[in-house]
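Engineer: task: produce atomic coordinates for the following.
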Amino acid sequence: LNTLLNEELIINQLIMNQNKVKAEKEKFVVEREFDAPVEKVYAAWTDPDKFAKWFGPKGATVAHLSMNLEPQGTTLYCLKMGNGFEYWGKFIYTEIIPNEKLVFLNSITDSEGTPAKMPNNKDWPLELITTLIFEVIGDRTRLTLTAEPYEATIDEKAGFEKGKDSMNKGWAGSFQQLDE
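Structural biologist: Numbers count the residues shown, from 1 in each chain. Below is the predicted model of the structure:
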């Protein structure tokens, strides 16, 4: 009986470990340190004029931006890519701690702000939960961005995994612009 209980315990631990690995696998995390105080880096995310100057991959411009920074408030934006393609998106803020943390649902949308499928990845999740952590490191700021699928199907989670390289390139370009 003890042998059976030990085997069952080992199997349960293996299942729990697999779930933990799977949960970590589903997250996208990027961290960057900026040579600026936390207030300045936070303002780059929360001040519409500052946000419009850096947000989006290299070569993109913010063609439309409306920002309502309050719980359940939204940011609706349009990125115009170098090839002329317009990419609409929306944030719905769920948690705001000034100079420390922003949490929002992030989605690709149409121009009215209705969630839509990503044109070049039909398996992309309709929504991501995105968390920004702003940390003071002396006179610098460490920004940690975590994104993960929100209420996604198995296919959408797989689409998210496939899109991580593209996300990494996009955020690297955005953060480089923010750093400038």
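Engineer: next SSE after the helix or strand that contains Thr146?
Structural biologist: Using DSSP states H and E, Thr146 sits in strand 140-149. Note on strand 140-149: by DSSP H and E, the next helix or strand toward the C-terminus is helix 154-162.
Engineer: and Gly113, that one's in a strand?
Structural biologist: No - under DSSP: H, G, I helix; E, B strand; the rest coil, Gly113 falls outside any strand and is assigned coil.
Engineer: burial count for it?
Structural biologist: For Gly113, the count of nearby residues is 17 (other CB atoms under 10 Å). All C-beta spots, glycine's among them, are computed from the backbone N, C-alpha and C.
Engineer: okay, buried residues for the helix or strand encompassing Ile96 please.
Structural biologist: With elements taken from DSSP H and E, the one containing Ile96 is strand 86-97. Neighbour counts using 16 or more other CB atoms under 10 Å place Tyr87, Trp88, Gly89, Lys90, Phe91, Ile92, Tyr93 of strand 86-97 among the buried residues.
Engineer: so the first one touches His64, yeah?
Structural biologist: In this case it means Tyr87. No - Tyr87 is not in contact with His64 according to CB atoms under 8 Å; the separation is 10.8 Å.
Engineer: identify the contacts common to these two.
Structural biologist: Taking CB atoms under 8 Å, 6 or more residues apart in numbering as the criterion, Tyr87 and His64 both touch Cys78.
Engineer: all set now, cheers.
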